[in-house]
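A.B. asks: Show me how the following folds:
(2 chains)
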Amino acid sequence: MNDDATLHDAKLQEVARRLGAHAAERLDVERTAQAVVARLRTEPRAQVRVLGWIRPEWLRIAAAVVLLVGAGVVALNVRMPPHTTPVPGATVGGELGELSRDELRELLEAVGQSGEGSEQQAASAQDVGLEDLSAPQLRALLESLEG
Amino acid sequence: MPPAEPVAAVPTDAALIAAWHGGDEPAAAELVRRHARALARFLAGAGALEADVDDLVQETFIRAFRGLARFRGQCRFRTWLMTIGGNVLKDAHRRSRRARVVPLGDDLQATDGDPHERAVAGEAERRLAAGLERLPRMQREVFLLRAQQGLEYEEIAAALGTTPGAARVHYHHAVKRLKEHMK
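C.D. replies: Predicted coordinates for the structure are as follows:
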């Protein structure tokens, strides 16, 4: 006994064979054949012409868009400064104790010019007077600037 | 006794395809004449509205002739045509976006026999058509190619790009679900 014998229903097959029979009978085969030949005669040329015009055009447009976007990204990267500018003195945190008062003052002035976020601290430093600060106070101030 | 007249050789599908490749339009027309009805039955069985069958048959042949380079003789031309018909039907359904309505006209009803038998037969066809709609496409096409068109699993598998074993499984799943639907 094969699989068909166990699972197949003869009635189901019979109904399936009838399915669509009427649609097939009603089809005008000769008219369909002539219509297909006529379409084959005319449509392929139109299709080729359309594809031949559109596809390279779209490809050119796509290539131009890619170039523009790429150039824009490169230009932005070149012009825009990085978000995190290095703070002068940031790498010398451990050696602040070795700096003289003049060197520290010079350093603080450089820090004051490096970014707007440090302007407030620089202003408060001017109010107090850098000469009045001791070396440990200057070190503390610099460390706070370093964040 | 007069000599028997030579019987005109009927060109094979392969010969007609080769002739069409050489620009022979009558060869294309002959292929349409040869396979259009079987294709129409398949499309109607797969859910095409009867009013759409003519257009779908045409579109299927157009796609087939344009894509003949892809036909490597892996299956019969008719079987390959039906797989293209399945794609055409799917695209048509997608475009129309309309709910598939099982036609209640005379296309699903037998036209001979007594009225009671016709009514019973028509009801069975309606149920089968509705059941086929609910099947996954692969199951539906395997079922139709097997039960409606009488193809072997090897042929079906070659056309649908699967294995004969898988085609057999699809068929059995389809039969099981259709039987349940038709109870």
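A.B. asks: Need the nearest residue in space to the residue of chain B found nearest chain A, chain neighbours excluded.
C.D. replies: Nearest residue of chain B to chain A: B:A44, at 3.1 Å (CB to the nearest CB). Using the backbone N, CA and C atoms, a C-beta is placed for each residue, glycine as well. Counting by CB to CB, 6 or more residues apart in numbering or on different chains, A:G20 is the residue found nearest to B:A44 once chain neighbours are left out, at 3.1 Å.
A.B. asks: what's near enough to touch that neighbour?
C.D. replies: Contacts here follow CB atoms under 8 Å, 6 or more residues apart in numbering or on different chains; on that basis A:G20 touches B:40-45, B:107, B:148.
A.B. asks: Now the residue positioned nearest the centre of chain B. Its backbone dihedrals?
C.D. replies: The centroid of chain B falls nearest to B:F42 when counting by CA atoms, centre = their mean (2.6 Å). With angles defined as degrees, to the nearest 10, B:F42 sits at phi -60, psi -50.
A.B. asks: Test my guess that it contacts B:G85.
C.D. replies: Yes - counting by CB atoms under 8 Å, B:G85 is a contact partner of B:F42 at 5.9 Å.
A.B. asks: one step back: what is the neighbour count of the residue of chain B closest to chain A?
C.D. replies: For B:A44, the neighbour count with other CB atoms under 10 Å in any protein chain shown is 30.
A.B. asks: Which single residue of chain A ends up nearest chain B?
C.D. replies: Nearest residue of chain A to chain B: A:G20, at 3.1 Å (CB to the nearest CB).
A.B. asks: Now that residue. Its backbone dihedrals?
C.D. replies: phi 80, psi 0.
A.B. asks: Likewise for the one 3 residues further on?
C.D. replies: A:A23 adopts backbone torsions of phi -60, psi -40, taken as degrees, to the nearest 10.
A.B. asks: so who does the closest residue to A:A21 other than its chain neighbours touch?
C.D. replies: Nearest in space to A:A21, with sequence neighbours left out and distances taken as CB to CB, 6+ apart, is B:R41 at 6.1 Å. Going by CB under 8 Å, 6+ apart, B:R41 touches A:19-21, A:23-24, B:148-149.
A.B. asks: CA atoms of the helix or strand bottoming out on mean pLDDT in chain B as CSV?
C.D. replies: Ranked by mean pLDDT, DSSP states H and E, the weakest helix or strand in chain B is helix B:115-134, scoring a mean of 83. Output of helix B:115-134 as CSV, limited to C-alpha atoms (Å, rounded to 0.1, in the frame of the first residue of the first chain):
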residue,chain,number,x,y,z
PRO,B,115,-29.9,19.0,-10.7
HIS,B,116,-29.3,17.3,-7.4
GLU,B,117,-26.1,15.8,-8.5
ARG,B,118,-25.0,19.1,-10.0
ALA,B,119,-25.7,20.8,-6.8
VAL,B,120,-23.7,18.3,-4.8
ALA,B,121,-20.8,18.4,-7.2
GLY,B,122,-20.9,22.2,-7.2
GLU,B,123,-20.9,22.3,-3.4
ALA,B,124,-17.9,19.9,-3.3
GLU,B,125,-16.0,22.1,-5.7
ARG,B,126,-16.8,25.2,-3.7
ARG,B,127,-15.6,23.6,-0.6
LEU,B,128,-12.4,22.4,-2.3
ALA,B,129,-11.7,25.8,-3.7
ALA,B,130,-12.3,27.4,-0.3
GLY,B,131,-10.0,24.9,1.3
LEU,B,132,-7.3,25.4,-1.3
GLU,B,133,-7.3,29.1,-0.6
ARG,B,134,-6.4,28.4,3.0
